[in-house]
Structures are given as C-alpha cells and as structure tokens.
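Q: Return atomic coordinates for the entry below.
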Amino acid sequence: MATKLSTFFFGADCHGLNGNKFNTRLAVRYPRLLPIYCKMRPRNLSSQSSQHKRQQEKKFSPERTPMDGEIQSNDDESSEIQISTENRISNTDQGTTSHADDDTTITVKNIDLVDFNSSSLLAENSLMDKANHGEQLLKVQLEDLIGMIRNSERNILLLNQARVRALQDLDKVLGEKEALQGEMNILQMRLAETDARIKVATQEKIHVEILEGQLEKLKKELSERVGTEGSATSAYNNENDILNDRTLQSHVNQFSSLSEELSSLRMENVSLKNDISLLKAELSNVEETDERVLTLEKERSSLLANLKELESRVAIAQDDVSKLSMLKSECKDLWEKIGILQGLLKKATKQADQAISVLQENHDLRMKVDRLEETLGEVDAYRLSSERLVQYNDLMQQKIRILEERLQRSDQEIHSHVQLYQESMKEFQDILNSLIEESKERASNEPVDDMPWEFWSHLLLIVDGCLLEKKISSKDAKLLREMAWKRDGRIRDAYLACKDKNEGEVVKAFLGLITSPKHPGFHIIHIAAEMAPVAKVGGLGDVVTGLSKALQKKGHLVEIVLPKYDCMQYERIGDLRVLDVIVESYFDGQLFKNKVWVGTIEGLPVYFIEPHHPDKFFWRGQFYGERDDFKRFSFFSRAALELILQADKKPDIIHCHDWQTAFIAPLYWDLYVHKGLNSARICFTCHNFEYQGTAHASDLASCGLDVHLNRPDRMQDNSAHDKVNPVKGAVVFSNIVTTVSPTYAQEVRTAEGGKGLHTTLSSHSRKFVGILNGIDTDAWNPATDAFIKVQYNADDLQGKVENKEAIRKHLGLSSENSRQPLVGCITRLVPQKGVHLIRHAIYRTLELGGQFILLGSSPVSHIQSEFEGIANHFQSHPHIRLILKYDEALSHSIYAASDMFIIPSIFEPCGLTQMIAMRYGSVPIVRKTGGLNDSVFDIDDDTIPLQFRNGFTFLTPDEQGVNSALERAFNHYTNNSENWQQLVEKDMAIDFSWDSSASQYEELYAKSVARARTAANRT
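A: I've put the predicted structure just below:
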C-alpha cells in the first residue's frame, strides 16, 4: 500500500477595526508514506523419508507513487494558496483504485481598512468591491477545506486497513519462522547421530584391515615352516590350519556385516547431506524473511508516526475552520462599517460642495476689496505729497548740519592717526632691531653641519670621560653633553681652539661655555649584543646601527653600549680608548670590576664593557654559541645598567634587543629604579622569537634577580615551569615591546609562530607593535658603493651589466650569454631560511637555463656538510657557484650583479636582503611570510595597486611554490625585457631607508615618555 498526500496551506490577511493587519496562516505538510512490501518465499523442508509439507506463497507488493506538492508564495497585496491533494492506493489482490482530487487554487485578496478622515473618503467604493470579493472567496475556501478534511478521513481509514493487513502478515511470518526453527533443530540432532555412527564404522573398518594384515603374515610364516619341519609338525599344522580357517571365516563374516552397515550408513549420510543442503536453502529464505519482517516493522512504525501527524494536522484544520467562522463574523462587521462609511461619505460630499461655493464667494469679495484699497491709496498719495515736500526740506537741512560736524571730527581723527602712526613706526623700528639681535643670537646657537657625526660623538665621549674621571660635576656634564648633542658651534670652536692643548685646558674652555640650552629631543641608550659593522652576526647589528643613525639625524642624543668582544673589527672603531675608571657590578654574590672603553662607530658614541671575570666572558673568539651564554649576557646587562647609573646619565629611553639584553627590563624595574636610575622608559625589540635564551630558574640569581620572578605572570617559561625565559620577562616588564614587521607581529600571536609566547604576547598586545626595519641607504648605495666594480643608479643601468660580467669572471662562471639570468642568494643556512628550498632552487635554476650564486654558511654541521658536497659537485660548473662563508665585499658584488634574488624562508621576522636586493636592482623572489610579505608584492597580484608590485612571491613552502615563482620570473625576464627594466628601475626607487621606521619609534618613545611624565605629575 502506498499513499501520497500533498501539502496544503491556508492563509488570510485582514485588517481589524483599528486598521492593524493580522495574518492567520495554516501550513500542513504530509510526508511521503513509506511503501509496505511483504513477500513470503516458498519453504521446502525435507526429512529422511524425503517427505515435506509445502506452504503457499503469499505476496503483497504495493506500488510507490511520486508526490507532487507545489507552494506559491504570497506577494504584498494578496495571498495565493494552492492545495494539491492526490491519493493513489494499489493492491495486487484487490486491484488498483486511484483517487485524485483536482488541484484547487484559492486567491484571497487583502482587505485594507484605514482610519476614517476627510482626505480619504473618495476611496471607499473600491474598498466595498474588495470586501464583496473577499466574502465570496472565504465561502469557497470553507467548502474546499471541508472537502480536504473528508479526504483526510478517507486516507486515515485506508492507512488503518493497511496496518491491520501488515500485522496479520507479520504474525504468519513469525509462525512459519518458529516451525522452521523446530525442524532445523531435529535435523541437526539427526546429523550429529549420523556423524557419530560414521566415526564408529570407520574405526571398525580400520581394525579389520589390521587383522587382515596380521593373517597374511601368519600364512607366510606357515608356508616357510612346512618345508623344514617333519611329520610331527604336520599334525600340528593341520590343526593350526583348521583354527586359522575358523578364525578367518569369523572375521570375514564380521567384515561383510560391517561393510553392509557402512554402505547403509553412507546412503543415509548422502540423504542427510541432501536434507542439510535443503535446510540451508530454507534457512537463507528464512533470513531473507527476517529482513523483510524488520523492514515491515520499520514501515509500520513510520505509518504510525505519519498517522499521528495526520491526526494532529486534522485537528489543526478543525481549528482553522473555527477561525474561518470568526473571519466570517468579522467580515459581516466590516460590511456594517462600510455602510456607515458610505453614509459619512455622502454627508462629507455635500459639505464639500457647500464649502466650495462659499470659497468662490469669498474670492469674489476679496477682489472687490483689493480694488477699493488701490483707489484709497491713490487719494492718500495726492493728499500727502505737499506735506512730504516740507518734511524733506527740513530733513536736508539737518543732514547738512550733521555733515559739517562730521567733517570737523574727521579732521581731529586724522591728526590723531598721524600721531599714532609716528609712534608705531618708532615701535616697529625698536622691534626690528631686537629681532635682528635675536636672529644673530639664534644663528650662533643653531646646529652646525660643517663637522661629521664622528666629531660630535667624540666630544660627547670626552664629556662623559671627564665626568667618570670626576673632573667635572654631573650638572656641568649634562649641560656640556646637551651642547654637543645640539651641535652648538661654540663648543666646536672651543674644542678646535684647545685641540693641541692638554685636557685640563679643554675642560676649562668647556666650562666657560656652560649656559642653559633648551632640551632638543630624547636621550636614547641602546644596549645590544651586536652592532654593524664591528660586531655583526645577523640583522640585529644592522638594525642597531641603522636605527641609531636615523634617530641621531632627527636630533636625538643616541648612545650604544656593547660587550668588548675579542673578535670585533677594531679597525673600524674610531678614537677607541679606555677610560681611567672602573665600574663594579654584582654577579654570583660578589662585585666584579669592569673596564670601560669608548669610541665612535659611523658617527655614533659607543661604550664597550670589558669584564674582569675569571671566565673571560667575551674573550672566546666568537659572539654566541657558548654553553654559558645565559651567564655571559646577564652579567653584561647588569654591568651596562651599572655604567649608566655611575655615569649619572638620565636617559629618556633604554632600548634593549633580543634575549641577550632582555635582562635589562626586569633588572631596571626590580633593582635600579630603587637606586635612583628612574628617568627612563624601557623599550624591548625581539628580532626573532625562535631564540628565547631559556635556562634553569636557579641561574637567574647570578645577576641579582630574585627567584620569585619564576612565576607564570613574570619570567617563568610557558612550556617548562622549572625554567625562566628572558624574552618573556622583557615582554612583561617593558613599557614598549616591538618586533621587526607588522605581519610577523601577527604571526607570533599564534601558537605556531609564537614559539610558546603567543599567550603572553596576546595578554600584552596593547604595548606590542610591529615596525618594519629599514636599511642603511648610505652603506647600501650602488651609486657610491666602493665594494663593486662599477657604480650605477636607476637612471644608468649599464653599470649593473658590467658588475654582472665582473663577478662571472671572478667566480669562473660562463660569460657566453650576457642575457642569461643570474639568481643570487645570500643567507645563513639554517632551517628557518628554507635550506631544502634553496637546494631545490639551485637545480631548478640550472634546468631553466640560468646561473646561481650562493653566499653563506651554516652553524648546523650536517647542513654545512650537505652544502659542501653540493659545492664540490659544482666546483667547476660554468653556471653554479657556492661560497660557503660570509664575505662582506663579495655580498655587495652579488647584489649588484644578480638579476633576481631568492629568499624562500619558512618564516622571516623582517628580512633585510630583499630590501638591499631591490636597492641594487635585483628583483626579489620570496615566500609570503613576515617582513617579506610587508615589503614584496607580486607583479601578477591584481589585488595590489600596480605601483606597489615589485617582485615575485609564493605561499606554500614547497618545491611547487618555488617552481611557480622561478618560472614566472624567468619568463618575464626572457620575454618582456622592456617591462623587466621598468621593474628594476621601480625597485631601485623604493625608499627602504630608516627614516620612516625611526619616525614610528620616535612616536612610540614620545607617547611612553609623555605617559610617564603625566603619571609623575599626578603623584
């Protein structure tokens, strides 16, 4: 039995007496009823006598019919309800009966009633027509709903009949299943008995075969003895033969009976096997019947659920019938109101006609009044003309007298203005003279630019040296420091005048210049482990130097404190000398002495701290990588703060970098603020969160920090609670926390990029910001670079071609094709830089027909060994060269010679090589991460404005990503030479100087210092 009921809706939109609109909508949807299928397969039961009962087959197969229901949505003015009901019932025993109800569509128009007012009476006729039509539709709708209810009752009856038949079939199936199960149990018992009997017969057969073998042996023995024994034995033999014959005869009889029994058993076994096969077939039929029974049960439950739902919906339909009756009563009320409105409309029409006639009469009267007023005006004009002439003469006489009085007053005012003008001219001359004097004085105080920054830094170091050696007071040192800071021409002249004299004369001349100059900017002290070019491992050294020089050019006093390594490039330090002063600092429970050296690096004043510690912390032949790095740099951080304290410096900003000087922040706030060093705000910059310098918590006590800082909200490492994390401590204790690019600042706040510190950075996100690094455009300038063969600029790229030719000759590469693209790569070979992608890029460049130069080394032994093998393989190759060391001069030449520059970093906090490459006209090929994503934009990316596209990028850190970017770059270089040259010129024109970055740091410094001063004023 299959039954299909469609969906029907009932809706009505009406307005109440107050004009409010209400909506009553009934939605009933009958789901498709599951079809019921019941079929009994014939059963065949066989026993030992092969007599089985046959049962008749029963089959009940209804047809499934599709259900079509269509719902039309109502618009703003009407609601259309389409009711489609179709029932089809099929039965194989009784035939097929089909009931189909024609689709009925009822459209009910909304009746809108509004409050009565005099301006809307003319619309009532159309409202009456709508009401008549609405009543007719409601009658039709009520009759159709009654028909649907009858159809629903008829469907319920059919469902109940189908349910009864399904239950009867289910009972029969269950009975047959029980009978089959009993017969199967009996056959299984008989099968077990037959197996036992077969086993016994088999054992007896084996015993008979053994006896036959023994009999044969006895016969052989007897035949052998006949020839050798005499007559005495013949009698014995005869007797023995008789016995043997009897025994043999008995065994033969027994064997024949066993054989007969065995054959009968075999026949019975064959019949049992046949019965078993029949039972198995019947069992499979029973299993299929069980499955169908389960299906019937599921369909029965579905039918019950559908029946309940249908009953509930019939109840809802009955409720809607009651609502229809209510609507009819409301419709009658509306008719009555319409009658009232018609009466009011008639009255209003009469009143309007009367009002129109009155208005017309008023208009005629108004026109008559206007004509009378015009006539009276003309009469008054003639009457008043003579009086106005008399008044006009009197008025003219008065005006003449007033003019004479004003003329006298104007003469007096002119005389007074002349006197004021003479006085103002005298005053102006006095002001002009004073301005001339002030301009002369200001000119003498303005910074002079005729001396290099090294000169002014040297003066600052002289002043600080005199202070540390107690030759001048801290107050005098502060004033002299500010004069040097301002580049005051007077202190320059005084120093040049006393340059050849002794130091006492210089101090005396300086003290004679002391005035009260105005503070020009911030006093900033950088404390770092690197500074280019004298102590450089990575980008940290470039940042410290570049940022300090940019801040110095903006008028700030910038000083740097470094460890005095034994492996520094001392030849690049100007005026290096040791001060006659010893700074003592605490470490491991005692005070250690430190020598202080001063010098200038690229015009910046630098202090070098040389510890007198038995472990010789900075006399190791290398900057990093020692087992006691935690102790080395925690000692240096405390010694640097002790130097600032004993030199009586009052910096506005102390800027520390990376984990090596991250100890500065907790040391400052935990110890040195209480010692009087409290003028500064702490800025911490982390250049790479991969390196955090974690150590055991007990090591923290060596520099004087309390172990109580090993807390989750202080310095305790987020991954190992028995360790402290200097970077985390700097993030917590610093007033400003920065990293080296905006994208990297976002990446480190994730679990993957933060290396365990993402939660700490997120909780301190208000003071955490990413600022893209710049490059030193003076050091990296192809127009003035002394390391390259030919200087060039964006307007003259011929020099780049010559540099390419020069490096090919220098490294022994082929020069046959001047247009052959050259790919450069300068990097540390560490996993962060994507060494596997660099290796792949070498071979892929060769496949694409290009040349590749790699400059760099690895601190990881197996990576260094791997690339040494690659270098040996390409040792004499005409297109590939690997130089596994760092060479400053060669790096400049590679930048100048390469057409493309590849940087496939897995992650890159900022990266300076892509900026330097573009500065030298080498188009970058980079992965979109960190600072690379902030500085390189793909030329094929339509989401980026055309003027900002400057290179080739890829996202996935795999070989396919490298291949895609390399192939696009080679195709662009080969097929679009003119566009490539424009791209090179555009890259060389991009401003990657420190000026913009320094301005952002300057703004951060200013805000932090202002907050500190505001807080101090409040207290």
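
Q: residues in contact with the longest strand seen in the chain?
A: For the chain, the strand that runs over the most residues, judged by DSSP state E, is strand 574-587. Residues outside strand 574-587 that contact it (CB atoms under 8 Å, 6 or more residues apart in numbering): 454, 458, 461, 465, 468-469, 570, 591-601, 608-609, 613, 635, 638-639, 642-643, 646, 702-704. The C-beta positions use only the backbone N, C-alpha and C, and glycine is treated the same way.

Q: from those residues, which would you call buried?
A: With burial judged by 16 or more other CB atoms under 10 Å, the buried subset of the contacts of strand 574-587 is 454, 458, 461, 465, 468, 592, 594, 596-601, 608-609, 613, 635, 638-639, 642-643, 646, 702-704.

Q: Sitting in helices, which of these do you find?
A: 454, 458, 461, 465, 468, 635, 638-639, 642-643, 646 (DSSP state H).

Q: quick check: mean pLDDT across the longest strand of the chain?
A: Summarised as a single mean, pLDDT over strand 574-587 is 93.

Q: Each with direction, which strands does that strand pair with?
A: Partner strands and pairing direction for strand 574-587 (DSSP bridges) are strand 590-601 (antiparallel).

Q: chain center to the partner strand: distance?
A: On the basis of CA atoms, centre = their mean, to the nearest Å, strand 590-601 sits 47 Å off its chain's mean C-alpha point.

Q: any idea of the mean pLDDT in it?
A: 96.

Q: hey, where'd the strands end up in the stretch 401-550 of the chain?
A: In the stretch 401-550 of the chain, the strands defined using DSSP state E, counting those that start in this stretch lie at 523-527.

Q: mind listing the helices for it?
A: 453-468, 474-485, 489-497, 503-511, 539-553 (DSSP state H, counting those that start in this stretch).

Q: what domains does the record give for this structure?
A: 165-210+371-429, 453-514, 523-770, 797-992 (the TED database).

Q: Serialize those to JSON lines and add fields for distance to residue 789.
A: As requested, the domains of the chain are exported to JSON lines (distance: least, CB to CB, whole Å):
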{"stretch": "domain 165-210+371-429", "distance to residue 789": "64"}
{"stretch": "domain 453-514", "distance to residue 789": "28"}
{"stretch": "domain 523-770", "distance to residue 789": "21"}
{"stretch": "domain 797-992", "distance to residue 789": "4"}
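
Q: circling back to that earlier point, can I get the longest strand of the chain in CSV, CA atoms only?
A: Taking Å, rounded to 0.1, in the frame of the first residue of the first chain, the C-alpha atoms of strand 574-587 are listed here in CSV:
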residue,chain,number,x,y,z
GLY,A,574,87.2,55.5,15.7
ASP,A,575,89.1,57.0,18.6
LEU,A,576,89.0,53.9,20.8
ARG,A,577,90.4,54.5,24.2
VAL,A,578,90.0,53.2,27.7
LEU,A,579,88.6,55.4,30.5
ASP,A,580,90.5,55.9,33.7
VAL,A,581,87.6,54.5,35.7
ILE,A,582,86.5,51.1,37.0
VAL,A,583,82.8,50.2,37.1
GLU,A,584,81.9,47.5,39.6
SER,A,585,78.9,45.2,39.1
TYR,A,586,77.3,42.4,41.1
PHE,A,587,77.4,38.8,40.0
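
Q: What residues sit buried inside it?
A: Under the neighbour-count criterion of 16+ other CB under 10 Å, strand 574-587 has 574, 576, 579, 581, 583, 585-587 buried.

Q: can you dump the C-alpha coordinates of stretch 951-958 into CSV?
A: Extracted C-alpha coordinates of stretch 951-958, given in CSV (Å, rounded to 0.1, in the frame of the first residue of the first chain):
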residue,chain,number,x,y,z
GLY,A,951,58.7,41.1,-7.3
PHE,A,952,57.5,37.5,-7.3
THR,A,953,56.0,35.7,-4.4
PHE,A,954,54.8,32.2,-3.5
LEU,A,955,52.8,31.0,-0.5
THR,A,956,53.4,27.2,0.1
PRO,A,957,56.9,26.3,1.4
ASP,A,958,57.4,23.5,-1.1
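
Q: Thanks again, I'm all set now.
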